[in-house]
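Participant: One predicted model, sequence on top.
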Amino acid sequence: FTRQFSTSDSTCDITIDPDNTNQYIVWGIGGLGETAFKHFDRAEADDDPIHLGRAAQDQCSGVELVCGGCMPFENESIIARENTTFQARIGPSGNERGYMGITGRAGWGIAWYIDGTLIPQLFVERDRTYTFIIEGGTDSNDLANYHPFYITDSIGGGRLQNTEDTDRAMETVYAGFDELDQATGVGHLCQLEETESSETTRQNCGDLQTYTDTLETSASCNSGEPGKLVW
């Protein structure tokens with residue numbers, strides 16, 4: 001891919017100053033969701049500026065090619081035949097071996113863990129009562145850390161991002177939003193985070209149990225109270 005420093009497209013391409021030695025790059029790999037919000041399966045940012053206008057020089061060291069081949073994590077199932085309480089907590093999506101590999105859909109970089117299991121299939125029965133202890137954040141002004149939990153027939157979810165009434169009308173919500181369409185499945189943020197060990201497990205084709213066992217909880221777990229959703 002190449003582009004000129006100055007283009008005629010003022011809407012999508014701003015001019016790059018070739019004499020500016022303090023240019024920064026942010027890149028990401030991933031897709032656009034159905035709501036056209038940018039979300040990346042993997043993203044990187046660096047504090048080191050680059051000089052896009054300098055004379056070309058070969059400053060690259062040798063690159064070791066590493067072939068992939070890890071299968072996606074197994075999509076585990078939870079069968080709840082009795083009245084049951086579950087813990088719902090936000091954690092890493094597991095990249096291409098996790099949410100993306102299991103569902104075949106682009107992820108947000110985070111996903112729900114039910115009782116410590118990454119996006120399991122949850123089988124429930126009619127006439128039972130299921131309680132979810134929710135730890136996805138409560139501050140609606142901080143969307144990066146606000147993840148209401150709700151139960152829907154939509155494969156995409158993300159009801160808060162669907163700002164159009166027609167989009168919301170296309171899904172059926174079974175629990176987690178009230179009659180005013182306000183989120184009720186909210187509780188303090190307690191987020192699982194990758195460690196060096198879990199990252200190594202994911203990259204080296206380790207199993208899901210080993211991966212989740214080596215995640216750690218964020219400091220935010222120590223403040224606030226979890227929410228409760230009864231369905």
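Facilitator: On my side now, so go ahead.
Participant: how much space between the residue of the chain most remote from its centre and residue 218?
Facilitator: Ranked by distance from the centre of the chain (Cα atoms, centre = their mean), the top residue is residue 55, with 39.2 Å. Per Cβ to Cβ, to the nearest Å, residue 55 is found 45 Å from residue 218. Using the backbone N, CA and C atoms, a C-beta is placed for each residue, glycine as well.
Participant: what about this protein, any weak spots by pLDDT?
Facilitator: Scanning the chain for pLDDT under 70 picks out 1-3, 10-12, 26-47, 58-68, 162-167.
Participant: elements contacting the longest strand anywhere in it?
Facilitator: Using DSSP state E to define each element, the chain has its longest strand at strand 84-92. Under the contact criterion of 3 or more Cβ pairs under 8 Å, 6 or more residues apart in numbering; DSSP states H and E, strand 84-92 touches strand 110-114, strand 130-135, strand 192-193.
Participant: how close does the residue farthest from the centre of the chain sit to residue 4?
Facilitator: Using Cβ to Cβ, residue 55 is found at 17 Å from residue 4.
Participant: With residue 159 instead?
Facilitator: 41 Å.
Participant: Settle it for me: which of the two has more neighbours?
Facilitator: residue 159 (19 against 9; other Cβ atoms under 10 Å).
Participant: What values do phi and psi take at the more buried one?
Facilitator: According to degrees, to the nearest 10, the main-chain angles of residue 159 amount to phi -60, psi -40.
Participant: which ones are touching residue 111?
Facilitator: Contacts for residue 111 (Cβ atoms under 8 Å, 6 or more residues apart in numbering) come out as 90-94, 98-99, 118-119.
Participant: can you give me the helices for this protein?
Facilitator: Under the criterion DSSP state H, the chain carries helices at the ranges 99-103, 165-169, 196-203, 208-213.
Participant: Mind putting the ones you listed into CSV with distance to residue 112 and mean neighbour count?
Facilitator: CSV is the format used below for these (distance: least, Cβ to Cβ, whole Å; neighbours: other Cβ atoms under 10 Å):
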stretch, distance to residue 112, mean neighbour count
helix 99-103, 9, 20
helix 165-169, 20, 11
helix 196-203, 17, 16
helix 208-213, 13, 17
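Participant: can I get the ones you listed in CSV with distance to residue 19?
Facilitator: Below are the helices of the chain laid out as CSV (distance: least, Cβ to Cβ, whole Å):
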stretch, distance to residue 19
helix 99-103, 40
helix 165-169, 46
helix 196-203, 39
helix 208-213, 47
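Participant: for the ones you listed, which one sits closest to residue 231?
Facilitator: helix 165-169 (19.5 Å; Cβ to Cβ).
Participant: buried set for the longest strand of the chain?
Facilitator: 84, 86-92 (16 or more other Cβ atoms under 10 Å).
Participant: Out of the residues you listed, the closest to residue 222 would be?
Facilitator: residue 89 (13.9 Å).
Participant: residues in contact with the closest one?
Facilitator: 112-113, 116, 135-136, 190-192.
Participant: try residue 221
Facilitator: Contacts of residue 221 were listed using Cβ under 8 Å, 6+ apart, and they are 135, 188-191.
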